[in-house]
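Peer 1: I would like to see how this sequence folds:
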Amino acid sequence: MHLVGIRHALASCQAWLPAAVCKAFEQAKTIAVKKLADTSVTKVTLPFVEEQLRAARDLMGRGFWSYGFRENRFVLETFLRHHHAQGLSARLLTPEELFLPSTLEWHVI
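Peer 2: Numbering: from 1, shown residues only. As a prediction, this is how the structure comes out:
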């Protein structure tokens, strides 16, 4: 659905920044999913939110908002293939070319 970017120049001189941003978004997602699942007070204007959440989990699993390079590699490859086929890039890029090497692995401590 969305992609968060950090300028290469900034990420290169602040090596800690990409991992910190990933961690912050992962924590925010955890909070959001927890609040979404608490239907005692509706947080969204989606009708039948409990049923919609159950249907999403049944179809896509509990982690339906996947984060991380490995989890989204297929999506990135598909995007890059279409991007190139439509003439938006001069050559077919690999997903690895879009990210700093330090962001390709997801570590949980």
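
Peer 1: longest helix in the chain, please.
Peer 2: Using DSSP state H to assign secondary structure, the helix with the most residues in the chain is helix 17-37.

Peer 1: pLDDT on that one, on average?
Peer 2: Per-region confidence: helix 17-37 scores 88 on mean pLDDT.

Peer 1: what's downstream of that helix, the next helix or strand?
Peer 2: Of the helices and strands lying after helix 17-37 in sequence (DSSP states H and E), the nearest is helix 49-60.

Peer 1: show me how far the helix or strand following that following helix is from its chain's centre.
Peer 2: As assigned by DSSP H and E, the chain's next helix or strand after helix 49-60 is helix 69-85. In terms of Cα atoms, centre = their mean, to the nearest Å, the centre of helix 69-85 is found 13 Å from the chain centre.

Peer 1: the inter-axis angle of helix 69-85 versus helix 17-37?
Peer 2: 100 degrees (axes from the mean of the first three to the mean of the last three Cα atoms, to 10 degrees).
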